[in-house]
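Trainee: Show me how the following folds:
(chains A, B and C)
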Amino acid sequence: MAERRPIITLTTDFGEADYFVPAMKGAIYSINPNVEIVDITHHVPPHDIFSAAFTLLCCYKDFPKLTTHVAVVDPGVGSARRPIVVSAGDYNFVGPDNGIFSYIYQREHVSRIVHLSVEHYFRAPVSNTFHGRDIFAPAAAYVAKLIDWNRMGEEIADPVKFNTPTPTSVGRGIRGAVIHIDRFGNIITNITSAELTDDMIRAGARIRVGKHEATRVLTHFAEGGSQELFAYFGSAGFLELAVQRQQAARLTEARRGIEVEVIMP
Amino acid sequence: MAERRPIITLTTDFGEADYFVPAMKGAIYSINPNVEIVDITHHVPPHDIFSAAFTLLCCYKDFPKLTTHVAVVDPGVGSARRPIVVSAGDYNFVGPDNGIFSYIYQREHVSRIVHLSVEHYFRAPVSNTFHGRDIFAPAAAYVAKLIDWNRMGEEIADPVKFNTPTPTSVGRGIRGAVIHIDRFGNIITNITSAELTDDMIRAGARIRVGKHEATRVLTHFAEGGSQELFAYFGSAGFLELAVQRQQAARLTEARRGIEVEVIMP
Amino acid sequence: MAERRPIITLTTDFGEADYFVPAMKGAIYSINPNVEIVDITHHVPPHDIFSAAFTLLCCYKDFPKLTTHVAVVDPGVGSARRPIVVSAGDYNFVGPDNGIFSYIYQREHVSRIVHLSVEHYFRAPVSNTFHGRDIFAPAAAYVAKLIDWNRMGEEIADPVKFNTPTPTSVGRGIRGAVIHIDRFGNIITNITSAELTDDMIRAGARIRVGKHEATRVLTHFAEGGSQELFAYFGSAGFLELAVQRQQAARLTEARRGIEVEVIMP
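Mentor: Okay, here's the model as predicted:
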């Protein structure tokens, strides 16, 4: 059997029409031809660090251990923001220190963060507008080569984190937020089974979004009635709202950031 | 020379903005790192089983023998519909038993269909909404590992098939249907050279779609006159209608499902 | 360490919803399973040879030496236009002889161009509408197998070239053109640092596009003021115009082909 090749994933807001993504891949292969590159997505809305963080959160653990996840949504490119490499749990992460790994810091034991500062490991010359190609792609290629990280920069302990929206208790209910709308128009909230318990569901919890309410938390899509807005725990572990074969977000006018409420009878 | 790696292809309606596709790829590599994963498309219109079946039909044979084709357009996910793996001709197919392989059953000798039912070969826990990641991706990874299929489930003989639209004779002519509009606005019909023969073309067959007619069946695009709607047999073997460097579907208001008629003089 | 696999890149106007791109990949792997295929882009506007040439120009050198770049934007498919393979600098290029490699001919030493004419190396039968699958993909697979090019066709010396728009001097200033708008709405011009020198920048060069002017050529995005249209040399070496976190092309109504002027005080 052939040797296992290390995996590098890419999450960016570069789209797929320009030369940005292939330039990163070329830079990786030029340093380390012995890797597998997997696209997570390049359709992060431009400059939307939060969206990139969420998408990465939902799938980083599906990859083999020691996979290196590169995330480049980088509105501060060329400013003082630091390029970093992070060892957290069983995975490595490479990207700008702008909060893009906030969810990872919450969920994983962070054993090391290194500020990438040694130019020897950059593509030369480094452009001021495209560190994806010139700093992050090379760093990922070296990480996958098992380079000693101390050679690439100095350790830091103060990474930038953004506050991830957390559900709060309101009386016997919960106040949460919409954190994502997916391709099917399903509405993903920040509420998990830690907040909305089985007991609450059995007691008749209803989920309100805008002027609409889901009165049932189902376990299978197929149980949803025609035109019914229903809730369920999605494959990423979050409470979601959907209507069978329709765009629930369109029907309810839900969009990221708006409030979601769990109401107890 | 390096060893040939088995190929797994993916056809889905997941789009490329969410975490669905990379989660499937991560799940595959976690079980079988020694594969090549190729995207067929992830832009099947949501829930459009027929469109996925058509796209797969047009290219499954271009891959090396023993390629495993995974197709996940799965509006019935979480219901009683069966997950299956199919051995047909020189290829393997993995997906929901909802008719998505209907064209394959028509064209290939089906030697075996197994209902994937042994949970040991699923990702644990299995979500109720994302069998792409939890059942189909792992199954494909095991198939590419040459696992004995009997270990994954029991053989079945009654797969779901939809009726693929078939051209019919109307007098000396043919009545067919539009089955696809491609990126260039070319109109793909379900008529092949088995129905529209060389003799009929020489005798002056005209092709009507809506209020428009193609009066010539050409062999090369370059023969088409400026603004001329013309017909030709496309690279997937079907009769197509096009206008040079323009969107024929837009000009003729053609869309999938409408009638196409071959008229003899 | 595993053997380095040769890389084949793909640049097309095929989009990602149809079977065209996977059919090319299947055709490549059927001939040469031991390659790495990398997508540059498949979102070239339909039939836009110039746009494909530009995107390829911006990243072909980021790939390892001996990478084979396949570019298929081919409105003349099926006509007399020749399929060719080009050895230029450290890279190979495969595609139609319609000018798509014009930038490469300008920048690299062209050591050989072969007209692909030996049908033995085509997929059989060759369709009249899809040479990407039937001629170019197989040719790339053979090139990556290090086949003797003389077996695939005869050498030619008269490839088709289009005139790439070149900036001209106007008094003490420069007249150039917009050659691309990228995903972020940044405006890419055909002006390089060979024309717009450091001296000119220090002397106060202003850049006009439509009714708008950039009064500063910056080195870092982060220096741009809020709402300020500014200029900078982008990662592909061309002068670009941007507004921080906004779509400069939308604000200035810039589009490809319009004039850009460097005005000296």
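
Trainee: alpha carbons only for contacts and neighbour counts from here, please
Mentor: Fine.

Trainee: Just list the residues touching the residue of chain A found nearest chain B, thanks.
Mentor: Here the residue of chain A nearest chain B is A:F63; by Cα to the nearest Cα that distance is 4.1 Å. With contact set as Cα atoms under 8 Å, 6 or more residues apart in numbering or on different chains, A:F63 has these partners: B:23, B:25-27, B:29-30.

Trainee: Going by neighbour count, which of these comes out on top?
Mentor: B:A27 (28 neighbours; other Cα atoms under 10 Å in any protein chain shown).

Trainee: can you tell me which helix or strand that residue belongs to?
Mentor: Element membership for B:A27, per DSSP states H and E: helix B:20-31.

Trainee: Kindly reformat the contacts of A:F63 as JSON lines containing distance to chain C and pLDDT.
Mentor: JSON lines is the format used below for these (distance: Cα to the nearest Cα, whole Å; pLDDT from 0 to 100):
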{"residue": "B:A23", "distance to chain C": "19", "pLDDT": "98"}
{"residue": "B:K25", "distance to chain C": "16", "pLDDT": "98"}
{"residue": "B:G26", "distance to chain C": "18", "pLDDT": "98"}
{"residue": "B:A27", "distance to chain C": "21", "pLDDT": "98"}
{"residue": "B:Y29", "distance to chain C": "16", "pLDDT": "98"}
{"residue": "B:S30", "distance to chain C": "19", "pLDDT": "97"}
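
Trainee: got these as JSON lines, with distance to B:D198 columns?
Mentor: Shown next, in JSON lines, are the contacts of A:F63 (distance: Cα to Cα, whole Å):
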{"residue": "B:A23", "distance to B:D198": "48"}
{"residue": "B:K25", "distance to B:D198": "45"}
{"residue": "B:G26", "distance to B:D198": "49"}
{"residue": "B:A27", "distance to B:D198": "49"}
{"residue": "B:Y29", "distance to B:D198": "49"}
{"residue": "B:S30", "distance to B:D198": "52"}
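
Trainee: Next, see if the helix holding B:A27 gets close to chain A.
Mentor: Yes: applying Cα under 8 Å from any Cα of the partner chain, one finds helix B:20-31 touching chain A at B:20-27, B:29-30.

Trainee: can you give me the helices in the stretch 101-250 of chain A?
Mentor: Along the stretch 101-250 of chain A, the stretches classed as helices by DSSP state H, counting those that start in this stretch are A:102-107, A:131, A:137-144, A:198-202, A:248-252.

Trainee: Can you list the helices and strands that the longest one packs against?
Mentor: Judged by 3 or more Cα pairs under 8 Å, 6 or more residues apart in numbering or on different chains; DSSP states H and E, helix A:137-144 is in contact with strand A:7-12, helix A:20-31, strand A:68-72.

Trainee: okay if I get those as CSV plus distance to A:Y91?
Mentor: Compiled in CSV, the helices and strands packed on helix A:137-144 are given as follows (distance: least, Cα to Cα, whole Å):
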stretch, distance to A:Y91
strand A:7-12, 10
helix A:20-31, 18
strand A:68-72, 6
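
Trainee: for chain A, which strand is longest?
Mentor: strand A:173-181 (DSSP state E).

Trainee: Report the rounded mean pLDDT for that strand.
Mentor: Mean pLDDT, strand A:173-181: 95.

Trainee: Please name the strands paired to it in the sheet, noting orientation.
Mentor: When pairing is defined by DSSP bridges, strand A:173-181 lines up against strand A:168-170 (antiparallel), strand A:187-189 (antiparallel), strand A:259-263 (antiparallel).

Trainee: so where is the stretch 151-265 of chain A shaky, pLDDT-wise?
Mentor: By pLDDT under 70, the stretch 151-265 of chain A has no low-scoring segment.

Trainee: Any buried residues in stretch A:247-260, and which?
Mentor: Buried residues in stretch A:247-260, counted by 16 or more other Cα atoms under 10 Å in any protein chain shown: A:247-249, A:252, A:254-255, A:259-260.

Trainee: Right, I'll call it a day here.
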